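A.B. asks: Predicted model and sequence follow; I will ask about them next.
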Amino acid sequence: MNFEERDTYGMYKRHAGESEGPGPRLMGANTLMGNDVYNEKEEDLGDIKEIMLDMTNGQVAYAVLSFGGFLGMGERLFAVPWDALKLDTENKRFILNVDKARLENAPGFDKDHWPDMADQTWKDEIQSFYETGRSAEQQGQQTHH
């Protein structure tokens with residue numbers, strides 16, 4: 001199911017010649033839950049189960065992606081930095097530039113054992129894996145130059 005199918009308030013409906021509504025630049029978090037995530041090779045990587053907000057700065061920090069398993073059994077969850085995802089408005093899904101085989105080795109967790117997402121070491125590991133953001137060490141080096 002994609003964001004247009006989850007649009008209970010009609011915010012994405014467009015009529016001929018109209019440009020009203022939030023559009024793809026501003027979207028409701030609930031409408032993004034369950035959206036498919038593919039890579040650039042058209043491989044299905046799973047779907048978005050949750051969106052994690054950083055309450056200290058009001059920014060979206062991670063999308064929690066489900067991958068693997070069968071009918072919810074053996075499913076692994078992955079916290080993907082929000083800036084690693086790109087919205088594909090044409091196909092109404094997200095693109096994550098990671099090979100499926102590489103994702104199988106990503107730092108993940110199961111639904112009963114969530115990591116401490118506020119831990120800086122964990123954040124650095126995730127950002128390094130997905131090659132997003134800057135680690136705390138890089139930020140420290142930049143401030144000392």
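C.D. replies: Looks like it came in fine. Values in this document were obtained by computation on a predicted structure and should not be read as measured data. Numbering: from 1, shown residues only.

A.B. asks: so what pLDDT did residue 141 get?
C.D. replies: For residue 141, the pLDDT comes out at 43.

A.B. asks: what does residue 111 give?
C.D. replies: Note on residue 111: pLDDT of 86.

A.B. asks: same deal with the one 5 residues further on?
C.D. replies: Residue-level confidence at residue 116 comes out at 92, pLDDT.

A.B. asks: Please look at it and residue 122 and confirm they touch.
C.D. replies: Yes: Residue 116 is within contact range of residue 122, at 6.2 Å (criterion: Cβ atoms under 8 Å). (Glycine included, C-beta is placed from N, CA and C.)

A.B. asks: what about these two, which has more around it?
C.D. replies: Just comparing residue 116 and residue 122: by other Cβ atoms under 10 Å the higher neighbour count belongs to residue 122, 14 against 9.

A.B. asks: Now do the contacts for that one.
C.D. replies: Residue 122 makes contact with 107, 115-116 under the criterion Cβ atoms under 8 Å, 6 or more residues apart in numbering.

A.B. asks: State which strand of the protein is the longest.
C.D. replies: If you go by DSSP state E, the chain has its longest strand at strand 44-54.

A.B. asks: Could I get the buried residue list for that one?
C.D. replies: 45-49 (16 or more other Cβ atoms under 10 Å).

A.B. asks: by contact count, what packs against it?
C.D. replies: Judged by 3 or more Cβ pairs under 8 Å, 6 or more residues apart in numbering; DSSP states H and E, the packing partners of strand 44-54 are helix 29-32, strand 36-38, strand 59-67, strand 76-81.

A.B. asks: okay, these, which one's buried deepest?
C.D. replies: Sort those by mean neighbour count, taking mean count of other Cβ atoms under 10 Å, and strand 76-81 sits at the top with a mean of 22.

A.B. asks: what's the following helix or strand after it?
C.D. replies: Next helix or strand after strand 76-81 toward the C-terminus (DSSP states H and E): strand 85-88.

A.B. asks: Downstream of that following strand, the next helix or strand is which one?
C.D. replies: Proceeding N to C from strand 85-88, the next assigned helix or strand is strand 93-96, under DSSP H and E.

A.B. asks: for that next one, which positions count as buried?
C.D. replies: So for strand 93-96, counting by 16+ other Cβ under 10 Å, buried means 93-96.

A.B. asks: Having no further points to raise, I will conclude here.
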